[in-house]
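Chemist: Sequence and predicted structure are below.
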Amino acid sequence: MAAGKTSVGRALASRLGVDFADLDALIVEAAGRSIPTLFAEEGEPAFRELESRTLARALTECDGVLSLGGGAPVHPASAELLRGRPVVLLEVEEHIAARRLSYGAGRPMLAGKDPMVRWRELAEERGGNYRDVAAHRIDSGHGSPARVARTIFRTLQLPLPTDPEKETA
């Protein structure tokens, strides 16, 4: 959480000239309810099952860049779907995550008195899963989403665009 998955994903898709899809938005669309409502009404296990089914569909139907929810790689079926793909793990330092999270508002996984305590727990619990499916790891805590997208380009050895409008950051 707070690594910039959506904003970096949009910037990357724009630079590549491809579509962008956000897994959380696809889940909301499929369920007709918000993620906090899904968690409250059905619980995390049911949400993760829906997330895995939605991911499987997105990987076959969506061309372009797909931004995943922070818990997606934790579900075994989702992790298996992601292995061997060009998954980029966006890493962020704790102090930057704290600034971006705004105390966890609207994030059911951070519910409680101190969202950063929960963020640390989740980072510890999920870190191995993230690293297991990631083909690449990028620091997303420094610079704009466009700058992080350029780093991803270089990491994936993609040519940078020559369009001057797309070079601004």
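Modeler: Yes, it's here.
Chemist: Show me the shaky parts of the chain.
Modeler: 1, 100, 102-113, 159-169 (pLDDT under 70).
Chemist: where exactly do the helices run in it?
Modeler: 5-16, 23-31, 35-42, 44-61, 76-82, 94-101, 115-133, 145-155 (DSSP state H).
Chemist: And the fourth one, what's buried?
Modeler: Along helix 44-61, the positions that meet the burial threshold by neighbour count (16 or more other C-beta atoms under 10 Å) are 47, 48, 50, 51, 52, 54, 55, 58. In this view, the C-beta of every residue, glycine as well, is placed from N, C-alpha and C.
Chemist: Send me it as CSV with only the CA atoms.
Modeler: Output in CSV follows, covering the C-alpha atoms of helix 44-61 (Å, rounded to 0.1, in the frame of the first residue of the first chain):
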residue,chain,number,x,y,z
GLU,A,44,-11.2,-11.0,3.5
PRO,A,45,-11.2,-14.6,2.4
ALA,A,46,-14.3,-14.1,0.1
PHE,A,47,-12.7,-10.9,-1.2
ARG,A,48,-9.4,-12.7,-2.1
GLU,A,49,-11.4,-15.3,-4.0
LEU,A,50,-13.2,-12.6,-6.0
GLU,A,51,-9.9,-10.9,-6.5
SER,A,52,-8.3,-14.0,-7.8
ARG,A,53,-11.1,-14.7,-10.3
THR,A,54,-11.1,-11.1,-11.4
LEU,A,55,-7.3,-11.2,-11.9
ALA,A,56,-7.6,-14.4,-14.0
ARG,A,57,-10.1,-12.7,-16.3
ALA,A,58,-8.1,-9.4,-16.4
LEU,A,59,-4.9,-11.2,-17.5
THR,A,60,-6.7,-12.7,-20.5
GLU,A,61,-8.9,-9.7,-21.4
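Chemist: Which one, of the helices of the chain, ends up nearest to residue 139?
Modeler: Residue 139 lies closest, by C-beta to C-beta, to one member of those: helix 145-155, at 7.9 Å.
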